[in-house]
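Participant: here you go, sequence then predicted model.
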Amino acid sequence: MKALFRTVCGAHIWSMEHEGSDTDVFECYQTPTIDLLRGEGGIRSFFEPKQEGNRDIARQELQTVVNQLMKGNLNFVIGVMSPIVEKSGPTHEELVNLFTQHPPKNVYYSTKGMVVHNVKLYYKELDNLPKKVNTILRAINFGINYLKTGEVKFEPYTGVRQQIEGKLAELDQAYRTSPLEERLPEGMIRDILLRARLEDLKLERVPEFKLLRLSERDDPTPIASPDPEPLHIRPGMLIIIHAVTGHI
């Protein structure tokens with residue numbers, strides 16, 4: 001299990017932490033491609049509370065991160081776009097660049113869903129839970145600014161319970177008038193996943209097979225295959241050839 005990138009989330013990115021605050025860590029890892037191809041690897045999520053002091057670590061596999069970004073999941077958006085980066089790499093940089101260039105407005109649904117869930121869950125106690133109220137309001141404020149501008153800004157926000165309803169209405173209006181694309185370009189983000197998988201496969205030892213990239217074979221002449229009909233190379237195909245038999 002290889003960590004691709006790691007960021008800090010929670011109160012720290014909003015500059016609202018206090019002495020004794022936990023450090024919420026988001027980590028994206030990659031299951032070895034060869035394990036996935038052999039049916040030996042899985043796509044799992046891990047949560048490790050209070051690891052290394054007051055660090056709560058949530059680990060998500062790259063495929064889950066891609067799928068949740070496609071859905072506009074606020075928690076994953078924050079995990080990828082956090083300004084506090086402990087570890088980065090090419091895949092993280094690609095995800096950040098894609099999100100920056102094509103900010104999707106479907107983040108609205110996750111943002112509003114989180115707010116409504118918390119309001120219902122803590123409805124009777126909200127007057128006595130200023131921290132929870134501030135968490136709700138800062139998420140709404142983030143969503144409003146993001147939907148209007150497409151910029152990811154983590155700004156502190158404090159207020160009172162009575163503001164929630166009005167801010168939610170403002171969030172709804174921001175979504176209706178938002179100039180942003182509805183969702184991330186699926187082909188582009190899935191290509192990021194594909195590149196990461198193939199790059200990892202190059203680093204693995206696979207002695208019986210070799211990969212033939214299209215760029216390495218521009219000759220359109222058919223190549224031999226076990227099938228009755230010869231195989232014609234087409235753009236986008238990944239050819240795996242057995243090093244001994246030459247079979248595809």
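Facilitator: Everything's here; your move.
Participant: where are the low-confidence patches of the protein?
Facilitator: In the predicted model, the chain carries pLDDT under 70 at residues 46-53, 204-248.
Participant: domain ranges for it?
Facilitator: Per automatic domain parsing, the structural domains of the chain span 2-101, 107-176, 208-248.
Participant: apart from its chain neighbours, what residue comes closest to residue 95?
Facilitator: residue 80 (5.2 Å; C-beta to C-beta, 6 or more residues apart in numbering). In short, each C-beta sits where N, CA and C put it, glycine included.
Participant: how many residues are close by that neighbour?
Facilitator: Using other C-beta atoms under 10 Å, residue 80 has 20 other residues around it.
Participant: do the same with the one 3 residues further on
Facilitator: By other C-beta under 10 Å, the residues close to residue 83 number 11.
Participant: before we move on, what about residue 67?
Facilitator: By other C-beta under 10 Å, neighbour count at residue 67 equals 17.
Participant: find the centremost residue of this protein, please.
Facilitator: Against the mean C-alpha coordinate of the chain, by C-alpha atoms, centre = their mean, the closest residue is residue 65 at 3.3 Å.
Participant: mind listing what that one touches?
Facilitator: Neighbouring residues of residue 65 by C-beta atoms under 8 Å, 6 or more residues apart in numbering: 28, 76, 79, 80, 95.
Participant: want to try JSON lines for the residues you listed, with distance to residue 136 as columns?
Facilitator: JSON lines is the format used below for the contacts of residue 65 (distance: C-beta to C-beta, whole Å):
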{"residue": "28", "distance to residue 136": "26"}
{"residue": "76", "distance to residue 136": "19"}
{"residue": "79", "distance to residue 136": "19"}
{"residue": "80", "distance to residue 136": "22"}
{"residue": "95", "distance to residue 136": "27"}
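Participant: follow-up on the earlier one: quick check: the residue nearest to the centre of the chain vs residue 31, distance?
Facilitator: Plainly put, residue 65 is 12 Å away from residue 31 if you go by C-beta to C-beta, to the nearest Å.
Participant: now the helices for the chain?
Facilitator: In the chain, the helices defined using DSSP state H lie at 33-37, 62-71, 74-81, 90-101, 107-121, 130-149, 164-176, 186-203.
Participant: looking at those, which is buried most?
Facilitator: helix 74-81 (a mean of 21; mean count of other C-beta atoms under 10 Å).
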